[in-house]
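[1] Provided below for reference: sequence and predicted model.
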Amino acid sequence: MRIEDAREEYLSYLVVERGSAKNTVEAYGRDLAHYQSFLLERGKRDVASIERADIEAFVSAYAQLDYAASSTERALAAVRGMHAFLVAERIVDSNPARAVPLPKRPQCLPRVLSVEQVRALVEQPFAQDATGQRDRTILEVLYGCGLRVSELCGLDVRDVMLEEGIVRVFGKGSKERVVPLGGAAKSALRDYLATWRPQLVRPASTHDAVFLNRRGGRLSRQSVHTICERYGRLVGISGLHPHTLRHCYATHLVEGGADLRVVQELLGHASIATTQIYSHIDRTHIRWEYLMSHPRARLGAE
C-alpha cells in the first residue's frame, strides 16, 4: 500500500470508527503529511518498506525544527497510531514505530500569575456594555473554572447550570466533564446571560453559544486570545494567554490545599502525570506551609 493511501485510510478510521476530535484529526493529518514527505525524500513510497531507522530519523529531524516538544510527541503518536492501524488491518506484519522512543522533553514550568495579579485583571474597570461585560465574564470563567480556550468557546447555554452551580464541558476527544461554578465566575455568568448576552443575539443567528461576537456568532479562540492580551496589558501583564489563567486556576487550587487527584479531574487530564507539574511550581509556598505548620520547624531560627 502506498504511504499516502495508508495516511488517508488511517485518518478516515479516526473520524468514522474512533470518533476522534476534529482538531486531533487535523493535527495528525499535518503530522503524517510531513512524515510522508520525509519518507519520499528517502525513497520510501510503500508502507512495507518503512523501517525503524526511517522513523527514528523522522523524529530526530522533526525535533530539530522550531516546534514545541509536545508537537514532536504528537507527531510520533500519529506515526505510531498509523502503523498500529496497518498491523490491525493486516496490511503489514509488524509495527516499526512501536519501540521508537519519545524525545526527551524539557521540564518547563508554566507561567503563573499571583493572586493579586489575577485580582487586578478581573477587577479592573470594564465597559458597561455587552462586549465589555462579556469580556469580564470570559476572564472570570477562564480563571474560575480552569477551562481551555476551546472549551470556553464551545460552551452552549444549556451547558451552564446556574442553580446547580456547575458547567458541563467537552474537553479533548469530546470527553465530557462537570466543573463547579461558584463565586465571582457564577455571579458574572448569571449577569451576562440575563442582561448582556441578549444584546449580542442577532435575528439571523441561531447560535446557542454562551459567548457571542458582535455579529451574534460563536466567539472564536483567536478573539479570546486578543481579549486576554488586551486586558492583561491594561494592568501591566504582557502577553497574557488564556491558558495562563488555566495554569493559575490549578496552581492556586494546589496552593490552597486541593488534592492533586481532584485538580486532575477538574482540569480533565487523562493522566495524573500531567497534573503533577503543579506540585512543583511554588516551592516557596510549600516551605512557608512547613514553617507555619510543623511544631519544631522554627526552633533555633530566631
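    Yep, it's here.
[2] List the residues that contact residue 139.
    Listed by CB atoms under 8 Å, 6 or more residues apart in numbering, the contact set of residue 139 reads 121, 122, 227, 228, 231, 245. Any C-beta I mention is one placed from the backbone N, CA and C, and that applies to glycine too.
[3] go again using 10 Å as the cut-off
    Each residue near residue 139 by CB atoms under 10 Å, 6 or more residues apart in numbering is listed here: 118, 121-124, 126, 184-185, 188, 224, 227-228, 231-232, 240, 242, 245.
[4] do the same with residue 26
    By CB under 10 Å, 6+ apart, the residues touching residue 26 are 11, 20.
[5] which element is the nearest residue to residue 29 once chain neighbours are set aside on?
    Residue nearest to residue 29 in three dimensions, not counting chain neighbours: residue 11, with 5.5 Å by CB to CB, 6 or more residues apart in numbering. Under the criterion of DSSP states H and E, residue 11 resides in helix 3-16.
[6] tell me the mean pLDDT for that helix?
    Per-region confidence: helix 3-16 scores 94 on mean pLDDT.
[7] for stretch 25-37, same thing?
    93.
[8] What's the separation between the closest residue to residue 234 other than its chain neighbours and residue 117?
    Counting by CB to CB, 6+ apart, residue 234 lies nearest to residue 124, which is 6.1 Å off, once chain neighbours are set aside. The gap separating residue 124 from residue 117 is 11 Å, by CB to CB, to the nearest Å.
[9] tell me, what's touching the two both at once?
    Residues touching both residue 124 and residue 117 (CB under 10 Å, 6+ apart) are 232, 235.
[10] just to revisit the earlier point, could you list every helix and strand that the helix holding residue 11 packs against?
    Packing partners of helix 3-16 (3 or more CB pairs under 10 Å, 6 or more residues apart in numbering; DSSP states H and E): helix 22-41, helix 69-88.
[11] in stretch 157-165, what's buried?
    Within stretch 157-165, the residues scored as buried using 16 or more other CB atoms under 10 Å are 159, 160.
[12] Pull the distance from it to the chain's centre.
    Between the centre of stretch 157-165 and the centre of its host chain there is 22 Å, according to CA atoms, centre = their mean, to the nearest Å.
[13] Next, the distance between the ends of that stretch.
    14 Å (CA to CA, to the nearest Å).
[14] For that stretch, report the contacting residues that lie outside it.
    Residues outside stretch 157-165 that contact it (CB under 10 Å, 6+ apart): 141, 151, 166-170, 176, 178-183, 186-187, 189-190, 192-194, 197, 207-210.
[15] To what extent is residue 208 buried, counted in neighbours?
    Residues near residue 208, counting by other CB atoms under 10 Å, number 12.
[16] My read is that the residue nearest to residue 234 contacts residue 140, right?
    No - the pair residue 124 / residue 140 is not scored as a contact, 11.9 Å apart, by CB atoms under 10 Å.
[17] neighbour-wise, which of the two wins?
    A direct count of neighbours by other CB under 10 Å for residue 124 and residue 140 places residue 140 higher, at 22 against 13.
[18] per-residue pLDDT, the more buried one?
    Residue 140 is assigned a predicted lDDT (pLDDT) of 96.
[19] I'd say it and residue 192 touch.
    Yes - between residue 140 and residue 192 there is a contact under CB under 10 Å: 9.2 Å.
[20] Now do the contacts for residue 278.
    By CB under 10 Å, 6+ apart, the residues touching residue 278 are 109-110, 112, 247, 249-255, 258, 260, 263-264, 267.
[21] what about 8 Å?
    247, 250, 251, 253, 254, 260, 263.
[22] And residue 245, by the same measure?
    Residues 113, 118, 139, 142, 143, 146, 228 are the ones in contact with residue 245 under the rule CB under 8 Å, 6+ apart.
[23] Show me which of these is closest to residue 73.
    The nearest member of the contacts of residue 245 to residue 73, counting by CB to CB, is residue 146 at 22.7 Å.
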